[in-house]
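Q: Here's a sequence, model it:
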Amino acid sequence: MEFFIQDPVFESSYTIHEALIKACDEASYGGGAYAFVSVEGVKLFIEDASFRKLAHHGGFKLIVGVDDITSEKVLQNLKEINQQYGEKFEVLAFLHDTKGSLFHPKFSWFKKENGGIVVLGSGNLTGKGLRINREAFNYVEVDEQKLNEIENYWNDWLACNIKFLLPIDDEKVLEKARENAQRFSKVKRKVRTKQKTDIQQDVGDVDETLISQTYEDEDIGAWSFSEDDPVLVAEIPRSGNRWKQANFNKSSFINFFGAQPGVNGHHRILLRNVSESGQLASNIEVRPSVSVVSHNWRFELDAASGIPYPDEGRPIAIFVRVSIRTFLYNLLLPEDQYYIEVIRFLNNKNLNTNNMRREQTTVDELKTACPNLPLWSV
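A: Below is the predicted model of the structure:
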């Protein structure tokens, strides 16, 4: 058994998201139950290539709770994925009528050739639960006998609760999800203005953990950052006609991005672009942490797709680390209006202009030097 603490500022942190992806590999089938599910949580786990392979070829039964957070949008998202993956991927909603009881599990189990894996802890299937929140969890490898016991126990529990397990497009389930959105829409507005007294007046004694994880659309709160969070300002080399695969030096690759050179494992680097207008991209770029034999330390940047490398000047990418291996970024070209601010910042650092300049700083320092960057609008 391995015990982990997921912590956005702990350098040795390992995330629930990465543990689940690791468990998918070489698994033949599995199952899991989660109290709260969000669109971003589905994106990170259910839509990952490793899970997709498992769902297609082996199978997975997912039970999602609808007591509080889960929205109609995420149920529709899961239905669409279910249709893509086929009948081996089954999703059911747990809609019960037990007063005073909350559906609150957070675990998955995976069958492998000679045993299996159980990943269980405090994190929900949301962006914050899988990557950002401070959570604790176990990654437990079990032998074949124990896995069979777990699977039988799981099946007994499903059979006992058969009347509460409904299709995710059942009208009663959808109605409950709509009630969730209505109930928490006021809470979300109150949280933004930090009027805690008004929150309690509107919805009673609301658990602040639930408030912080309530998203009708996506886990926007998972991408906020603090003044002392680390930032990397990096000039991007030409690299032929493939400069969207941005190269970095080994030090940045390891110490800033938290990648594992030479180890093509289960770490996942998350990138999310911020547009020139300060809007978050709808797409989250999920990059396996890899390096190649030629010692290129690189990540692909979607924001550079289809854009020719400038004839003069170098593109500059600015990365804000919001959690372990999780980053917001701006990509600036010489013609962009904020480019000159960043060039001045780099020039003031007296770095060697013959090399690709890479400067690690903080949000506070860069914001002082470059106050108009779109990143600060997030």
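
Q: Would you confirm that Arg272 contacts Ser323?
A: No. The pair Arg272 and Ser323 does not pass the contact test of Cβ atoms under 8 Å, sitting 11.6 Å apart. C-beta here means a position set from N, CA and C on the backbone, and glycine is covered the same way.

Q: which of these two has more neighbours?
A: Shown here are Arg272 and Ser323; by other Cβ atoms under 10 Å, Ser323 has more neighbours (24 against 21).

Q: Tell me the spatial nearest neighbour of that one, not counting adjacent residues.
A: The spatial neighbour of Ser323 that comes closest, neighbours along the chain excluded (Cβ to Cβ, 6 or more residues apart in numbering), is Pro8 at 3.6 Å.

Q: Can you name the next helix or strand after whichever strand or helix holds Leu78?
A: According to DSSP states H and E, Leu78 maps onto helix 72-85. Next helix or strand after helix 72-85 toward the C-terminus (DSSP H and E): strand 89-94.

Q: Helices along the stretch 1-150 of the chain, start to end?
A: 16-24, 39-44, 49-57, 72-85, 127, 144-160 (DSSP state H, counting those that start in this stretch).

Q: So what touches the third one?
A: Counting by Cβ atoms under 8 Å, 6 or more residues apart in numbering, helix 49-57 makes contact with 20-21, 24-25, 27, 29-30, 45-46, 60, 85-86, 88-89, 110, 266, all of which sit outside it.

Q: same check, this time on the second one
A: Helix 39-44 is touched from outside by 17, 34, 71, 73-74, 77-78, 81, 124-127, 129-131, 215, 217-219, 222, 268, 270, 284, 286, with contacts defined as Cβ under 8 Å, 6+ apart.

Q: before we move on, back to that, only alpha carbons, please: show the helix holding Leu78 as CSV.
A: Extracted in CSV, the C-alpha atoms of helix 72-85 (Å, rounded to 0.1, in the frame of the first residue of the first chain):
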residue,chain,number,x,y,z
GLU,A,72,-27.2,18.1,-15.8
LYS,A,73,-24.4,19.2,-18.0
VAL,A,74,-22.0,16.6,-16.7
LEU,A,75,-24.6,13.9,-17.0
GLN,A,76,-25.1,14.8,-20.6
ASN,A,77,-21.4,14.8,-21.1
LEU,A,78,-21.1,11.3,-19.6
LYS,A,79,-24.0,10.1,-21.8
GLU,A,80,-22.2,11.2,-24.9
ILE,A,81,-19.0,9.5,-23.8
ASN,A,82,-21.0,6.4,-23.0
GLN,A,83,-22.2,6.3,-26.5
GLN,A,84,-18.7,6.7,-27.9
TYR,A,85,-17.1,4.0,-25.7
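
Q: Can you give me the buried ones in that helix?
A: Within helix 72-85, the residues that count as buried by 16 or more other Cβ atoms under 10 Å are Glu72, Lys73, Val74, Leu75, Asn77, Leu78, Ile81, Asn82, Tyr85.

Q: Stretch 322-339: end-to-end distance?
A: In stretch 322-339, first residue to last residue: 22 Å (Cα to Cα, to the nearest Å).

Q: do the same with stretch 237-250
A: Start-to-end, stretch 237-250 (Cα to Cα) is 15 Å.

Q: Contacts for it next, please.
A: Contacts of stretch 237-250 (Cβ under 8 Å, 6+ apart): 234, 236, 257, 261, 295-302, 304-305, 307, 309, 314-315, 317, 356, 358.

Q: Of those residues, select the buried ones using a ChimeraX command.
A: Buried residues among those (16+ other Cβ under 10 Å), as a ChimeraX selection:
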select :234,236,257,297,298,299,301,302,304,309,314,315,317,356,358
